[in-house]
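Engineer: How does the following fold in three dimensions:
(chains A and B)
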Amino acid sequence: MLQPDSPPERPGVAADPAPDGAHLAVEPEAVSVASQWKLMWWRFRRHRLAMAGLIVTALFYFVAVFADFLAPYGSGTFESEHTYAPPQTLRIVDTSGDGWDWGLYVHGYRAERDPETLELRYAVDEATRIPVRLFAEGETYRLFGLFETDIHLFGTADPDAPPVHLLGADRLGRDQLSRIIHGTRISMSVGLIGVSVAFVLGILLGGVSGYVGGKTDTVIQRVVEFFMSLPTLPLWLGLAAAVPRDWGPLTRYFAITVVLSFVAWTGLAREVRGRFLSLREEDFVTAAKLDGVGRPGVIFRHMLPSFTSHLIATLTLSIPAMILAETALSFLGLGLQAPVVSWGVLLQEAQQIRVISTAPWLLLPGLAVVTAVLALNFLGDGLRDAADPYRR
Amino acid sequence: MLSFLGRRLLYMVPTLFLISVVSFAIIQLPPGDYLTALTSEMEAQGETVDNVQLEALRARYGLGEPFHVQYWKWISGIVSDLDFGQSFEWGRPVSTLLADRLPLTVALAGATLLFTWLVALPIGIYSAVKQYSIGDYLATTLGLLGLATPNFLLALLLMWIAFSTFGLSVGRPNAVTLAIAVVVLGTAGTAGLIRILRANLLDELRKPYVVAARAQGLPERRLLVKYPLRVAMNPFFSTIGWLLPGLVGGEVIVATVINLDTVGPLLLGALQSQDMYLAGSIILILSALTVIGTLISDIALAWLDPRVRLRYR
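Structural biologist: I've put the predicted structure just below:
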């Protein structure tokens, strides 16, 4: 039943009424001398969902960085013989012959003609066997744009064998797994870059507003309120439609991230302003001022560091919204456009119900979106809780 | 209360003016105009374009004139006799186009609001009262999933299930597709509301007045409904403000999957073909609705919550 005096707690955080450092499972002496980052980390570690979020997020960014190596094929590589080819299962043991035959392989494809629609469709053919190996040779690429290599995490043992599609293929016979991996790079970085733009705007305007106060504060707050009163999605749609169509993929990418951050900075500016307002009255700020520290010094050396952790948490929590927005814009055809591959661009292929019913694996980029957004949300929640290590 | 209302109404005037300028500026942002878009499209199809005719059209719609002149023409028409201009693509006045589609849009908005409230209220209360029960964890998980899933993905999934499992026709709008649209549009809002309601209610339940009331022997159910719930319900009224614009925004996306004759797809098409008066008018109307909606929810809040009301005395 209701326990009115139980401490405020969040699901996933173990409740522990023990005072000071005891709940952090560290020696009390260690707590009294630990830095704030250390305290944060100790607290964060106890939040299991947040740890899971951290691991999954790190994995996504790992995939984004090593996309060229992890993806068996390039994002545009197609095999016209494999339109809408279904996913193949990676097998380890072959029991079809006598005894067990170890070694990675997949079954090949067999073309079938639909008796009703006369459409050519592909099915997994149990009779054929395509050997697969780790660190196989494939297309050449430049890792980080520096080293030229042709080693991929896995691929067909024979470089000339028909391509393997562990997650199926799309309308043009492009490998879905490779495209999702390449899409990770764009989708995950849109959030990061967009947030950094919003971050600069938010800190600058919010900081000025909160620190200077008075008339400046009123003006900036009116501007923020105005931006907040605009409906987000129509604004995004309008601005994204305004990006010229003949811009190159890279310029377009930056334009879209700027459009996305255009709306996100307002919330951040409010947060920063609130922090500044409360910190302005703190004793250590007054002390710094009396000591003759200049205005930039007070702001950047004394005030900013004391709420950096909160800022990081807020930033992490605003990345998922950007990822979702980019996906939606690209899905509508207003965001990024082929040949750039993002999860939203991939989902454009899955707009028709009929297409999905023949090739449900085209919805898989959506799973990537949901996982990434959830992981970032958990991570952000955990960071927010940990940002204040002295509060229990 | 009256001074509160008056001040809010006064604030609205400059906001609405700025909104109209921004809406017009957004649709002027793309290089070229509807006629250049039309020309390039016709040339791509191998047709020749009559330059004299183009110039005549440009003069008729005032497309060559500077920004402020065009803006003035547009806004004075709207203010004086609700004339939103002509849609180039449809060849009809914007106001009749909108009049055709607004009823369904508003009906959808109402249904979604009802759905959101009806689902969020009981679940939110349950997961706050029975904190850390299996049901609470289930609701929290589902809520997080609902927030993390893009609208259109959910629409695709539901339509696919309806299509492949129940053999439903998905080409034309029917009762089932409308129901799917309401569920899809309401999911994110519902998930958000459940989260807020749960957190608010938990905060309230810990306050001393609840203990006092309980100690005096007030039955649990009456206590809950009469005091903490009333306070925790506030976010329900603030949803009115962003409901319609948020809905049309979400609907743009959902309507590409589910065929709906609402304002959303109209906006998307207008933005893509640079049909400036149509796109600008829709953005303007939506923004104005947001401002008015925020006002309505503020009034509702002030009316229902004495603390808000008294602050403006």
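Engineer: now what about the helix or strand containing residue A:236, what contacts it?
Structural biologist: Per DSSP states H and E, residue A:236 falls inside helix A:232-242. If you take CB atoms under 8 Å, 6 or more residues apart in numbering or on different chains as the criterion, helix A:232-242 is touched by A:256, A:259-260, A:262-263, A:325, A:328-329, A:332, A:334-335, B:23, B:26-27, B:29-30, B:245-246, B:248-250, B:252, B:267-268, B:271-272, B:279, B:282-283, B:286-287. Yep, even glycine has a C-beta here, placed from its N, CA and C like the rest.
Engineer: pLDDT score assigned to the residue in chain B positioned nearest to chain A?
Structural biologist: Going by CB to the nearest CB, chain A is nearest to residue B:249 of chain B, at 2.6 Å. On the pLDDT scale, residue B:249 is placed at 72.
Engineer: Quick check: next helix or strand after the helix holding residue A:236?
Structural biologist: Heading C-terminal from helix A:232-242, the first helix or strand you meet, by DSSP H and E, is helix A:249-280.
Engineer: how many neighbours does whatever residue of the stretch 101-250 of chain A ends up closest to chain B have?
Structural biologist: Proximity of the stretch 101-250 of chain A to chain B (CB to the nearest CB) peaks at residue A:233, 2.6 Å away. For residue A:233, the neighbour count with other CB atoms under 10 Å in any protein chain shown is 24.
Engineer: With residue A:206 instead?
Structural biologist: 25.
Engineer: just the one 3 residues further on next, same as before
Structural biologist: Residue crowding around residue A:209 was assessed by other CB under 10 Å; the count is 25.
Engineer: Give me the secondary structure label for it.
Structural biologist: Here residue A:209 is recorded as helix under DSSP: H, G, I helix; E, B strand; the rest coil.
Engineer: That one contacts residue A:217, doesn't it?
Structural biologist: Yes - counting by CB atoms under 8 Å, residue A:209 touches residue A:217, with 4.7 Å between them.
Engineer: tell me, what's touching these two both at once?
Structural biologist: Counting by CB under 8 Å, 6+ apart, the common neighbours of residue A:209 and residue A:217 are residue A:273.
Engineer: any chance you could map the strands in the stretch 101-250 of chain A?
Structural biologist: A:101-113, A:120-143, A:147-156 (DSSP state E, counting those that start in this stretch).
Engineer: List the buried residues of the longest one.
Structural biologist: Pointing back at strand A:120-143 there. By neighbour count on 16 or more other CB atoms under 10 Å in any protein chain shown, the buried set for strand A:120-143 is A:121, A:122, A:124, A:129, A:130, A:132, A:136, A:138, A:141.
Engineer: In which helix or strand does the nearest residue to residue B:75 once chain neighbours are set aside reside?
Structural biologist: Closest residue to residue B:75 apart from its sequence neighbours, by CB to CB, 6 or more residues apart in numbering or on different chains: residue B:20 at 5.7 Å. For residue B:20, the host element (DSSP H and E) is helix B:2-28.
Engineer: and the helix or strand following that helix, what does it pack onto?
Structural biologist: Sequence-wise, the next helix or strand downstream of helix B:2-28 (DSSP H and E) is helix B:34-44. Counting contacts by 3 or more CB pairs under 8 Å, 6 or more residues apart in numbering or on different chains; DSSP states H and E, helix B:34-44 is packed against helix B:51-61.
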